[in-house]
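>>> For reference, the sequence and a predicted model appear below.
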Number of protein chains: 6
Amino acid sequence: MTQLSPNAGESRLERGKRALAEIDGEAGHKVVAALADIAPDFSRYIFEFPFGDIYSRPGLDLRSREIATIAALTALGNAAPQLKVHIEAGLNVGVTRDEITEVIMQMAVYAGFPAALNGLFAAKEVFGQRAAAAREEAA
Amino acid sequence: MTQLSPNAGESRLERGKRALAEIDGEAGHKVVAALADIAPDFSRYIFEFPFGDIYSRPGLDLRSREIATIAALTALGNAAPQLKVHIEAGLNVGVTRDEITEVIMQMAVYAGFPAALNGLFAAKEVFGQRAAAAREEAA
Amino acid sequence: MTQLSPNAGESRLERGKRALAEIDGEAGHKVVAALADIAPDFSRYIFEFPFGDIYSRPGLDLRSREIATIAALTALGNAAPQLKVHIEAGLNVGVTRDEITEVIMQMAVYAGFPAALNGLFAAKEVFGQRAAAAREEAA
Amino acid sequence: MTQLSPNAGESRLERGKRALAEIDGEAGHKVVAALADIAPDFSRYIFEFPFGDIYSRPGLDLRSREIATIAALTALGNAAPQLKVHIEAGLNVGVTRDEITEVIMQMAVYAGFPAALNGLFAAKEVFGQRAAAAREEAA
Amino acid sequence: MTQLSPNAGESRLERGKRALAEIDGEAGHKVVAALADIAPDFSRYIFEFPFGDIYSRPGLDLRSREIATIAALTALGNAAPQLKVHIEAGLNVGVTRDEITEVIMQMAVYAGFPAALNGLFAAKEVFGQRAAAAREEAA
Amino acid sequence: MTQLSPNAGESRLERGKRALAEIDGEAGHKVVAALADIAPDFSRYIFEFPFGDIYSRPGLDLRSREIATIAALTALGNAAPQLKVHIEAGLNVGVTRDEITEVIMQMAVYAGFPAALNGLFAAKEVFGQRAAAAREEAA
């Protein structure tokens, strides 16, 4: 999937849930669960604004959106859990492992080598987990 | 152009100059001139590492590289001149005005609305200058 | 005004416009105008999410919200135009000049003296403009 | 307590120790202990400048000071241990759990959703520890 | 001067004023004047904590202190006015133009090329002003 | 060692490996191993640009380079593993424990007290590990 298919009559919340489900269903459920007893409204905002509004816009394919997000979170360097979620999401929408690695390495130029290194270690963790999960499924 | 064509036997400096020339020739000349009397070696490093090493790697197309860079510089929010250079560069390698606007708007999610707003104002300036230059050439 | 009065049946966009108008009407119009030819949807998002969703929530008074925003923008130190808008907004919802100055000075502890200094200079500019505007009106 | 009561003749160090004790006694002792064998003078500076000078100033109530600090540390996103200390401190000077949650959610607007999410998770941890401690005391 | 000479009986304020005067007298006067009508106490804090407490400590020479500050302000990239003050200060305590340039270029590794570039442009401006001032004095 | 001795005819990669070996041999091997299965080219870039190009430049002694790096990484506050590597490196090129502590404390002025505190805790960890290693060797 490179673009969220339109779906007339959907609310922002519905569209956001659908978008996040297509990009990374696991992450959506985890965030709802984690926020349930502290800020349940914030789950709704996450569905509505980032996913219902932004990621659902037709002007940019999801591959490019995930490349942009991986770049930004690597460069900012202070949101490792969210970077891992979007490395997963990137793989889910068709960005390859090698392309993700290229994007993260490139951040050495814009945010320094430590930010890029820590981004590569986050990617290594995600790639390793997926490989382990794939082996388990195959077994 | 979405990928730098390989060119055997080229030095990193030559390859970097060629890469930067294809992406944004103007910017390359300006930076060399600006650094000439303070840190001429730094111009060489810019050609060699970001452009000779990173942007010349075959694993990611230049469109995606510019999307990543525009995202990161918008999110970091402290390098307006370089963000403008890469908005230019994005246009030069085939990212459309609308796609650039989408990438910058998306940064509201990851770095906040002020960072996205300031990124949009940078884009507005670049788009305006190019439109003015196009009108002048047409006249 | 320390809290946005509820208004049943209002859309997020309407509520956000009303919230921003109460906090800083000028700023709202300026941002719509500035974004008109580059990203008009982004104006709508600004009304809807920050103002329609967040500032309109009943759990925190607007005075505290502006204190939080002035603190954060001073600390981040990379969004001077938006910091000035929120210094205005703080004054509009009843934070005094002295309280704003206290909040900004306190940021020396959390983000360093340069961030606090640059925040104070932004406040000085806003306070000066308001004093000049008041003198003009009185004349 | 919303304001530190004045106490004539006190040194900055004494005033700072008193201020930090009123805001969060535990945190004060922990930081002194942690710095004892590496930078004992730095404990003194922490008492003197942030607490003896800034938090003791009469121009802003402690509730507002903690709101400002929680906002800034959430937005900066790179000082989780200190954010937790100030979430505790906020509760100690009368900011409610709900108000703290509101401040942190609001940071999604100024520093992005990941910074707000990580702030909410820090708050969840602090709230959980206090609830557990309350249950233990009650048992 | 590579170390502030001790001076028994001096208050922190006196010591800080003396330290800042030795490092960069101009900057001290300018900051006091700029803060006079908005936050005069903040001038006092600047004299007392950074200069009276930190820069006056015997454990590190002023050359190294200015190298550390130039590095940090270049890397943070959001405090250009203060970076220029410390480039001046570095020259005043014996860091050479070439050494300052080296420190700033090195920041490309830790904070990215744009931060280093903007630091070099700040240095170019300061070096140019001093050269112009020297020519004027010589005339 | 305060300066890398020149060595004619060496490639950037060789020079970088030699520089990193002289500064912190352990760290070099660890990073190569950690990147082997995800981004082996990035190890080469680390040898070539930061160490082969920058740290090998004759214009600034290694002591000053490590002071600059420790300052910057403390101030940025989002790269704890790399900060620890450079605290080690600082000790290896002759910056004393006390000088490192001074540099980190000074960052309270430029990046806030939390950044300095977290830097001090990183230093405490490194100093403790070296003391433990020294005791083991002595046993």
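Good, I have the coordinates. Here the structure is a predicted model, which means the values were calculated and not measured. Numbering: from 1, shown residues only, chains lettered A, B, ... in the order given.
>>> Can you tell me the SS state at residue A:9?
Using DSSP: H, G, I helix; E, B strand; the rest coil, the structure places residue A:9 in coil.
>>> From residue A:21, how far off is it?
Counting by Cβ to Cβ, to the nearest Å, the gap from residue A:9 to residue A:21 is 18 Å. All C-beta atoms are positioned from the backbone trio N, CA, C, and that covers glycine.
>>> Specify which residue of the two has the higher count of neighbours.
For residue A:9 and residue A:21, the more surrounded residue by other Cβ atoms under 10 Å in any protein chain shown is residue A:21, and the numbers stand at 15 against 6.
>>> ok now do the more buried one, which residues does it touch?
residue A:28 (Cβ atoms under 8 Å, 6 or more residues apart in numbering or on different chains).
>>> Just to check, residue A:115 is in contact with residue F:81?
No - checked against Cβ atoms under 8 Å, the pair residue A:115 and residue F:81 is beyond contact range at 11.6 Å.
>>> is chain C contacted by stretch A:109-129?
No - looking at stretch A:109-129 against chain C by Cβ under 8 Å from any Cβ of the partner chain, there are no contacts, and the closest approach is 13.7 Å.
>>> What residues does the residue lying closest to residue A:69 once chain neighbours are set aside make contact with?
Using Cβ to Cβ, 6 or more residues apart in numbering or on different chains and skipping residues adjacent in sequence, the residue nearest residue A:69 is residue A:86, 4.7 Å away. Listed by Cβ under 8 Å, 6+ apart, the contact partners of residue A:86 are A:66, A:69, A:70, A:73.
>>> Now list the buried members of those residues.
A:66, A:69, A:70, A:73 (16 or more other Cβ atoms under 10 Å in any protein chain shown).
>>> Report the secondary structure element holding the last one.
Element membership of residue A:73 [criterion: DSSP states H and E] is helix A:62-76.
>>> quick one: that helix to helix B:62-76, angle?
Put simply, helix A:62-76 runs at 40 degrees to helix B:62-76, going by axes from the mean of the first three to the mean of the last three Cα atoms, to 10 degrees.
>>> Return the angle between stretch directions for the helix or strand that helix A:62-76 is followed by and helix A:62-76.
Proceeding N to C from helix A:62-76, the next assigned helix or strand is helix A:80-92, under DSSP H and E. Put simply, helix A:80-92 runs at 160 degrees to helix A:62-76, going by the same axes, to 10 degrees.
>>> and helix A:80-92, C-alpha only, in PDB?
Below are the C-alpha coordinates for helix A:80-92, written out as PDB (Å, rounded to 0.1, in the frame of the first residue of the first chain):
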ATOM      1  CA  ALA A  80      13.700   6.100  20.500                       C
ATOM      2  CA  PRO A  81      10.400   4.200  21.100                       C
ATOM      3  CA  GLN A  82       8.600   6.200  18.400                       C
ATOM      4  CA  LEU A  83      11.500   5.800  16.000                       C
ATOM      5  CA  LYS A  84      11.300   2.000  16.300                       C
ATOM      6  CA  VAL A  85       7.500   2.200  15.700                       C
ATOM      7  CA  HIS A  86       8.200   4.100  12.500                       C
ATOM      8  CA  ILE A  87      11.000   1.800  11.300                       C
ATOM      9  CA  GLU A  88       8.400  -1.000  11.600                       C
ATOM     10  CA  ALA A  89       5.900   1.200   9.800                       C
ATOM     11  CA  GLY A  90       8.300   1.900   7.100                       C
ATOM     12  CA  LEU A  91       8.900  -1.800   6.500                       C
ATOM     13  CA  ASN A  92       5.100  -2.300   6.500                       C
END
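>>> If I follow the layout properly, residue A:39 ends up in contact with residue D:103?
No - assessed by Cβ under 8 Å, residue A:39 is found out of contact with residue D:103, at 11.3 Å.
>>> which of these two has more neighbours?
The neighbour count for residue A:39 versus residue D:103, taken as other Cβ under 10 Å, is higher for residue D:103 (31 against 23).
>>> in chain A, what residue is nearest chain C?
In chain A, the residue found nearest to chain C is residue A:49; the distance is 4.9 Å by Cβ to the nearest Cβ.
>>> ok, now which ones touch the closest residue in space to that residue that isn't next to it in sequence?
Taking Cβ to Cβ, 6+ apart as the measure, residue A:49 lies nearest to residue C:49, with 4.9 Å between them; neighbours along the chain are not counted. Contacts were defined as Cβ under 8 Å, 6+ apart; by that measure residue C:49 touches A:45, A:49, A:53, B:113, C:16, D:109.
>>> Before we move on, what's the pLDDT of residue C:49?
Confidence per residue is given as pLDDT, and for residue C:49 that number is 96.
>>> sec struct for it, please.
Residue C:49 carries the three-state label helix when classified by three-state DSSP.
>>> so how far is residue F:55 from it?
For residue C:49, the distance to residue F:55 equals 46 Å [Cβ to Cβ].
>>> and what of residue A:79?
For residue A:79, the distance to residue F:55 (Cβ to Cβ) stands at 30 Å.
>>> okay, now residue A:32: neighbour count?
Other residues within reach of residue A:32, judged by other Cβ under 10 Å, total 17.
>>> What pLDDT does the model give it?
For residue A:32, the pLDDT comes out at 89.
>>> Thought residue A:43 was touching it, still the case?
Yes - the pair formed by residue A:32 and residue A:43 meets the contact definition of Cβ under 8 Å, at 4.6 Å.
>>> Now for residue A:90, how many residues are close by?
Counted with other Cβ under 10 Å, residues neighbouring residue A:90 total 26.
>>> can you check residue A:34 too?
A count of neighbours around residue A:34, defined by other Cβ under 10 Å, yields 16.
>>> which one is it nearest to, not counting chain neighbours?
Nearest non-adjacent residue to residue A:34 (Cβ to Cβ, 6+ apart): residue D:121, at 7.0 Å.
>>> What strand or helix carries the one you found?
For residue D:121, the element it lies in under DSSP H and E is helix D:113-138.
>>> Who are the packing partners of that helix?
Identification of packing neighbours for helix D:113-138 by 3 or more Cβ pairs under 8 Å, 6 or more residues apart in numbering or on different chains; DSSP states H and E yields helix A:12-35, helix A:40-46, helix A:80-92, helix B:97-111, helix D:62-76, helix D:80-92, helix D:97-111.
>>> okay, the ones you listed, which one's buried deepest?
Of all those, helix D:62-76 has the most neighbours on average by mean count of other Cβ atoms under 10 Å in any protein chain shown, namely a mean of 28.
>>> between it and helix D:97-111, how many degrees?
Taking the same axes, to 10 degrees, one finds helix D:62-76 and helix D:97-111 inclined to each other by 40 degrees.
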